[in-house]
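Asker: quick one, fold the following:
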Amino acid sequence: MKQKILIIDDEVHIVEFIEKYLLSKGFTVSTAFGGKEGLIKAKEELPDLTLLDIRMPERNGLTICKELRQNEETHSLPIIMLSAKTSYDDKIEGIKAGADDYITKPFDLQELLLRIEKILYYSSIKKESNPLTGLPGNHSIEHEINNKINKNLKYAVCSMDLNNFKSYNDKYGHLKGNRLICQTAKIINKAISKEGTFDDFIGHPGRDKFIIITTPKKADNICSSIIEDFDQSVFSFYAPEDIKQGFSVVSIAIGIATNQYRQFTNPIEVLSVAETVKRYAQSFKTSTYKKNERTK
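Answerer: Numbering: from 1, shown residues only. As a prediction, this is how the structure comes out:
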């Protein structure tokens, strides 16, 4: 499905200039020649991104931007401000009004396209991010793995799951379950900071499931660090009497799929192998990680 860009500008030649270019790049384009019309179209059409001029009759771009941010349906709409104003204070006013970016006229169309694509990409990540941890979900995970495959890089995909989490959640409730999920995310972030690289990726595709994409050389140390910290902190989430009575404590299982030993052609294949290895790790009933070392 094509992404829709709404252009709001009272200068007809500017609108037509941008419209023609964006259409040639595969976007769907909607236009409005003034603030009042633009505000109506933004609310009715809910575009993927809006290009919004500052200087317009009736209502200027700053006012429109603020109104869009206050509206429940358009509050997260990506907005790029367009203006002939070049001063630093003007840019600050645009950002304060809620704009995601600011570009001054005249501008290079290729630069505008790059800014649009960048904001649309981060907007898509934000939309599908896990609401509890803020970590990216399935789309971003697959995109990240695909990049590694296309660039022919060495990588390790670590799939992790919390054993006995449902039992914990049933006994202690969703609020404490959420806290344990958030604690796990913090532990993973700490392990990446301590043992990983700047390019490592953390995803959260589901309730108690996490994904790490790192290098084969770093995977073992990262997983060991996660398990050590998790096992040390998890007891603080239980009542002492439950521990004494032998209540099953949550542990973490990690399965690693790497292209050190075999080649993968797509993200689904990589994730499937990582999932299979993780299920094997879960059979040990304690926190552990296992790695796929098969060549097929």
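Asker: use CA for all of it now, contacts and neighbours both
Answerer: Noted.
Asker: what's around L112, how many residues?
Answerer: By the criterion of other C-alpha atoms under 10 Å, L112 has 18 neighbours.
Asker: how confident was the prediction at it?
Answerer: What the model reports as pLDDT for L112 is 93.
Asker: skipping adjacent residues, who's closest to it in space?
Answerer: Leaving aside its chain neighbours, L112 sits nearest to I103 (7.7 Å; criterion: C-alpha to C-alpha, 6 or more residues apart in numbering).
Asker: isn't the one you found right up against M81?
Answerer: Yes: counting by C-alpha atoms under 8 Å, I103 touches M81, with 6.2 Å between them.
Asker: between the two, which has more neighbouring residues?
Answerer: M81 (24 against 20).
Asker: elements contacting the host helix or strand of the more buried one?
Answerer: Here M81, judged by DSSP states H and E, is contained in strand 79-83. In terms of contacts (3 or more C-alpha pairs under 8 Å, 6 or more residues apart in numbering; DSSP states H and E), strand 79-83 is packed against strand 49-53, strand 101-104.
Asker: buried sites along the following helix or strand past the shortest one?
Answerer: Right, strand 101-104. Downstream of strand 101-104, the next assigned helix or strand under DSSP H and E is helix 109-128. Neighbour-count burial for helix 109-128 flags L112, R115, I116, I119, L120, S123, I125, K126, E128 (criterion: 16 or more other C-alpha atoms under 10 Å).
Asker: now helix 109-128, how far from the chain's geometric center?
Answerer: Helix 109-128 sits 13 Å away from the centroid of its parent chain (C-alpha atoms, centre = their mean, to the nearest Å).
Asker: next: stretch 48-66.
Answerer: How far stretch 48-66 lies from its chain's middle: 27 Å, per C-alpha atoms, centre = their mean.
Asker: for stretch 122-134, same thing?
Answerer: 4 Å.
Asker: not counting the strand holding M81 itself, show me its contacts.
Answerer: Residues from elsewhere that reach strand 79-83, judged by C-alpha atoms under 8 Å, 6 or more residues apart in numbering: 49-55, 61, 65, 94, 98-105, 116.
Asker: please apply the same query to stretch 178-185.
Answerer: L132, T133, R207, D208, F230, V234, F237.
Asker: residue contacts, the third one?
Answerer: This points to R207. R207 touches I181, counting by C-alpha under 8 Å, 6+ apart.
Asker: give me the distance between it and P57.
Answerer: With the distance defined as C-alpha to C-alpha, to the nearest Å, R207 ends up 49 Å from P57.
Asker: and the gap between K4 and I227?
Answerer: 45 Å.
Asker: ok, now E111?
Answerer: Using C-alpha to C-alpha, E111 is found at 45 Å from I227.
Asker: and P136, by the same measure?
Answerer: According to C-alpha to C-alpha, P136 stands 22 Å off from I227.
Asker: list the buried residues of the helix or strand encompassing S225.
Answerer: S225 belongs to helix 216-233 when assigned by DSSP H and E. For helix 216-233, burial by neighbour count (16+ other C-alpha under 10 Å) applies to P216, K218, A219, D220, N221, I222, C223, S224, S225, I226, I227, F230.
Asker: go on, stretch 195-213?
Answerer: 195-196, 200-205, 208-213.
Asker: just stretch 272-279 next, same as before
Answerer: Here stretch 272-279 shows V273, A274, E275, V277, K278, R279 as buried, counting by 16+ other C-alpha under 10 Å.
Asker: how about stretch 262-271?
Answerer: Buried residues in stretch 262-271, counting neighbours by 16+ other C-alpha under 10 Å, are found at F264, P267, V270, L271.
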